[in-house]
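Enquirer: No sequence on hand, only this structure:
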């Protein structure tokens, strides 16, 4: 059975950001393929933790209960995979990165310019701090009303609706705040450092 579905008419219309809903080179699907390098870590919420590191005056760790006590947001957004497929209009619930940042900004050096995401299992990926603040980046734990399954990054992953999906680490564990860019796993292995789907920034030139 084909992964791809008949592309709906809305694909050529603007999305919530004023960009074409289906980026160039993408195919629409209603499926949610599992795209993972390496084994899927299984982390129970009883032991899951979120930590901050790098240029911080205090290293801090959140338990699942503390994380769930942060401001929660639900948004409807699209998901774009670098392997040429996109999903539309899924409902994501979690902590917006900008809200998380407000809770920790007093702990950060003013020299911070980038964030390195570290996952359980060792995966890493990177983004400029400004992009994480301004692009609806979310620390997501719920997908279409259900707990995010482990194969898609549960109990919590970073979701980046304006970048290809590898820019949001599944199984998020640590956010390192840095004064320089530090390429992550795929960025060190030939993938674009910017990952803009509407410019088809898939790989290093």
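Expert: Yep, it's here. Bear in mind the structure is a predicted one, so any value in this text is a computation, not a measurement.
Enquirer: Summarise which helices and strands whichever strand in the chain runs longest is packed against.
Expert: Counting by DSSP state E, the longest strand found in the chain is strand 85-96. Other elements packing on strand 85-96 under the criterion 3 or more CB pairs under 8 Å, 6 or more residues apart in numbering; DSSP states H and E are strand 27-28, strand 73-81, strand 138-143. Where C-beta positions appear, they are placed from N, C-alpha and C, glycine not excepted.
Enquirer: Show me how far the longest one is from its chain's centre.
Expert: The one in question is strand 73-81. Distance, stretch centre to chain centre, for strand 73-81: 10 Å (CA atoms, centre = their mean, to the nearest Å).
Enquirer: try the last one
Expert: With CA atoms, centre = their mean as the basis, strand 138-143 stands 9 Å off its chain's centre.
Enquirer: And the next helix or strand past that strand?
Expert: strand 146-147 (DSSP states H and E).
Enquirer: who's in contact with that next one?
Expert: 141, 154, 155 (CB atoms under 8 Å, 6 or more residues apart in numbering).
Enquirer: Let's have those residues in a markdown table, adding neighbour count and distance to residue 8.
Expert: Converted to a markdown table, the contacts of strand 146-147 look like this (neighbours: other CB atoms under 10 Å; distance: CB to CB, whole Å):
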| residue | neighbour count | distance to residue 8 |
| --- | --- | --- |
| 141 | 23 | 28 |
| 154 | 22 | 28 |
| 155 | 21 | 31 |
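Enquirer: buried ones in the longest strand of the chain?
Expert: The neighbour-count check on strand 85-96 (16 or more other CB atoms under 10 Å) flags 85, 86, 87, 88, 90, 92, 93, 94, 95, 96 as buried.
Enquirer: just stretch 54-67 next, same as before
Expert: Buried positions in stretch 54-67, judged by neighbour count with 16+ other CB under 10 Å: 54, 55, 56, 62, 64, 67.
Enquirer: first to last residue in that stretch, what's the distance?
Expert: Start-to-end span of stretch 54-67 (CA to CA, to the nearest Å) is 20 Å.
Enquirer: Likewise for stretch 11-27?
Expert: Taking CA to CA, the first and last residues of stretch 11-27 lie 10 Å apart.
Enquirer: ok, and what's touching it?
Expert: By CB under 8 Å, 6+ apart, the surrounding residues in contact with stretch 11-27 are 3-4, 7, 10, 28, 76-78, 80, 84-86, 88, 161-162, 197-198, 200, 202.
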